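*Asks:* sequence first, then the predicted structure, then my questions.
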Amino acid sequence: MSNSQKTAEEFIDWLKGQIPLINHMGFEEPTYDGRSLTLSAALAPNVNDKGTGFGGSLATLATLCGWAMVTLYLKEQGRDCDVMIRDSQLKYLAPVTGDFSAITLLPEQAELDTFISYMDNKGRGRLNLEVEVRQGDKVAMTLSGAYVAVERL
């Protein structure tokens, strides 16, 4: 197991104590390699009245995936920050009829360098991420989000 993967698993365990909702979403262990993060959830606890994935659950998993990616990235940079989502746009593309995953990648190095430069100079920064919610190979929803980080004092 890589250090990044171990860090992600410990982080998700900590998070389950902080945000009770995620204890009820049927989370599986995350997959994290320092550049990409995948959070997975079971359909059964996230089902709607139509027998498909509840849109709010998909949005929650996607938002959390982006938030966790920014938080883990900053931890690996040795930074202690509060991270929050500033804004997001969701696009629902297909119903989810089985277990699903949210997947995000860190942006290109130039964008990360700009983000860290803002953190160094202002104590805060913004990072834009794209998150896909997938059922297998099918993209069911996308989230375009801006996450803000603020150095803790």
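*Replies:* Perfect, I can see it now.

*Asks:* in the sheet, which strands lie alongside the lengthiest strand in the chain, parallel or antiparallel?
*Replies:* If you go by DSSP state E, the chain has its longest strand at strand 138-151. As defined by DSSP bridges, the strand partners of strand 138-151 come to strand 81-92 (antiparallel), strand 124-135 (antiparallel).

*Asks:* tell me which residues form a beta bridge with Thr104?
*Replies:* Beta bridges link Thr104 to Leu37, Val131, judged by DSSP bridges.

*Asks:* for it, report the pLDDT, please.
*Replies:* Thr104 is assigned a pLDDT of 98 by the prediction.

*Asks:* that one and Ser57, how far apart?
*Replies:* 17 Å (CB to CB, to the nearest Å). Yep, even glycine has a C-beta here, placed from its N, CA and C like the rest.

*Asks:* can you check Gly123 too?
*Replies:* Gly123 sits 34 Å away from Ser57, taking CB to CB as the criterion.

*Asks:* repeat for Ser88
*Replies:* As judged by CB to CB, Ser88 and Ser57 stand 15 Å apart.

*Asks:* more neighbours, those two?
*Replies:* Ser57 (22 against 16; other CB atoms under 10 Å).

*Asks:* how about the more buried one: what's its closest non-neighbour residue?
*Replies:* Once flanking residues are discounted, Ser57 sits nearest to Asn46: 3.6 Å by CB to CB, 6 or more residues apart in numbering.
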